[in-house]
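Participant: Sequence plus the predicted model coming up.
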Amino acid sequence: MLREQEMPIFSSTVQTIHDIIGDERKGAMDLATAILQDPNLTAKLLKLSNSLYYNPYRKKIVTVSRAIVILGIDVIRELVLACSFFEAILSPRNKRRAHEEIAQAIHAAVHAKAIAIAAGDAHPEEVFIAALLQNIGRIAFWCFCRDQGERLEGLLQEGHIPQDAAERQVLGFRLAELDVSLCKSWNLKGLIEEAIRKSPKVFDPRMRIVNLGCEVVVILKETTGSQPYNACLDRIGEITGQTRDEVKQGLRANTDAAARIARQFGAVEAAELIQHKARQLDAEEESAAIAVPDRKELQFQILQEISGMLSGGKLDISCLLEMILEGIQRGIGMDRTIFTMLSTDRGLLREKVALGWRRNDPSRAISFPLSQSPPNLFHQALYSREGYWITGHDSRLHTAHDVAVVGRHPCFLMSIYSEGKPIGLIYCDRAYTGMPLTEEDFRAFRHFVQQANIGLSLYRLQER
């Protein structure tokens, strides 16, 4: 029930990101495209990408494409999974127990990642996610439970029976079993699966780090100087090579970082539980959080990034085209944007990158046959360098296939040229919101497409 009715966004996002990252044929552009399909996820990702925790050198990031280049795919995967997770679970129905579980998960994840980094782990982001999701079923239950949660909470507060027994009495199963069930349903693999299954026979050193991150959260509730506290410090020191004083300093810094991260994810109550005394966020950290710019400002920022890419030496043409599409989609405020490439027989435009399209089968690429007699909309636009602005009433150029795929909406189209010949076309519209297109929008659209043409010319020169 939780998977199908309560947390479908998290399930879909996790599966998509795992499929892309696990597929050697796919790269940064595919990952960026998947992220950009979700405007809320995009906004949260960019905000966190500009935070001190993830971006200590303060390189301003305003596009997903740039975030992937600067932070790397592993960090982006961590952010996407974490953002999707909190998008799914944070709701007004959350109660004290839910906030406690969320706080423990974030706190453990930050400690585990810090230990992994100190130990020289090659992929500390995987350790972060594994620790964050280790008790995913328990977190999901307390976030979405109703009457059963109240009955279980009552039994636990009475304290007469162990927690496992209380869970079986109320639910008929242990919450640890729900962890495993959700792991299987969402097809979580690798270190995340090992952490969730909690097999006592697993001796993977990376799992030891995940478990140690979770143990630290419990140990920090102990009196400083107690035997369990000192033993935990020693175990961290053995893995990282740090002195006990260095470990203590790290634990304090990690706790501060975990509270900030929780706030940035929107888990304010969990942040207060991580740091029992509420403190004012560091002014520097506050200023680092990226504000949502208006469209003109966002267009300017994205065009600055494009300009930097065009003048920055060896050109990554795929990244450039992805950034241009993102500029059109977010900077101009389009509902649907697509970049199509001309087929080798020049009779068809095939989807290369598409943002905002709602379709039943995402694996099926969009295509537009080019009709010359009579000429259709896409054929006309492909062979014009000036761009087309089609109004809702101008439907003479729409074929039945065009209408079936894009409908009849006001739209912009403009061709992309290489060595004097058209090789593709960019189309965009506001099919969902119905907001009118303006002359200013059209000028901005043409400017972005012209940057693509400039980029292709530079790319051809570099390839010679």
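Facilitator: Yes, it's here.
Participant: Can you verify my assumption that residue 349 contacts residue 425?
Facilitator: Yes: assessed by Cβ atoms under 8 Å, residue 349 is found in contact with residue 425 at 5.8 Å. (Each C-beta comes from the backbone N, C-alpha and C, glycine too.)
Participant: okay, and for the chain, where does confidence drop off?
Facilitator: Applying pLDDT under 70 to the chain flags the ranges 1-15, 18, 91-95, 186-187, 199-203, 222-224, 276-293, 362, 372-375, 392-396.
Participant: How is this structure partitioned into domains?
Facilitator: 2-288, 295-463 (automatic domain parsing).
Participant: Redo those as a markdown table? Include mean neighbour count.
Facilitator: Below are the domains of the chain laid out as a markdown table (neighbours: other Cβ atoms under 10 Å):
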| stretch | mean neighbour count |
| --- | --- |
| domain 2-288 | 18 |
| domain 295-463 | 17 |
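Participant: how far does stretch 149-166 stretch from start to finish?
Facilitator: 11 Å (Cα to Cα, to the nearest Å).
Participant: Okay, and residue 43 sits in which element?
Facilitator: Assigned by DSSP states H and E, residue 43 falls within helix 39-49.
Participant: any idea how far the spatially closest residue to residue 89 that is not a sequence neighbour is from residue 87?
Facilitator: Spatially, and ignoring its direct neighbours in sequence, residue 89 is nearest to residue 143 (4.5 Å; Cβ to Cβ, 6 or more residues apart in numbering). With distances taken as Cβ to Cβ, to the nearest Å, residue 143 is found 12 Å from residue 87.
Participant: Also residue 384?
Facilitator: 42 Å.
Participant: Tell me the secondary structure at residue 122.
Facilitator: Of the three states, residue 122 takes coil under DSSP: H, G, I helix; E, B strand; the rest coil.
Participant: how about it, phi and psi?
Facilitator: Main-chain torsions, residue 122, degrees, to the nearest 10: phi -70, psi -30.
Participant: The residue most central in space within the chain: which element?
Facilitator: The centre of the chain sits closest to residue 80, judged by Cα atoms, centre = their mean, with a distance of 2.5 Å. If you go by DSSP H and E, residue 80 is part of helix 73-89.
Participant: again, but for residue 100
Facilitator: In the assignment (DSSP H and E), residue 100 maps to helix 96-118.
Participant: got the angle for that helix vs helix 73-89?
Facilitator: For helix 96-118 against helix 73-89, the angle by axes from the mean of the first three to the mean of the last three Cα atoms, to 10 degrees is 180 degrees.
Participant: What is helix 96-118 packed up against?
Facilitator: Applying 3 or more Cβ pairs under 8 Å, 6 or more residues apart in numbering; DSSP states H and E, one finds that helix 96-118 makes contact with helix 73-89, helix 124-132, helix 136-144, helix 205-219, helix 227-240, helix 244-264, helix 268-274.
Participant: what's the first one packed up against?
Facilitator: Pointing back at helix 73-89 there. helix 8-22, helix 28-36, helix 39-49, helix 64-71, helix 96-118, helix 124-132, helix 136-144.
Participant: and that helix, how far out from the chain's middle?
Facilitator: What separates the centre of helix 73-89 from the centre of its chain is 5 Å, taken as Cα atoms, centre = their mean, to the nearest Å.
Participant: what about the closest residue to residue 458 other than its chain neighbours, is that helix, strand or coil?
Facilitator: Nearest non-adjacent residue to residue 458, counting by Cβ to Cβ, 6+ apart: residue 315, 5.7 Å away. At residue 315, secondary structure determined by three-state DSSP is coil.
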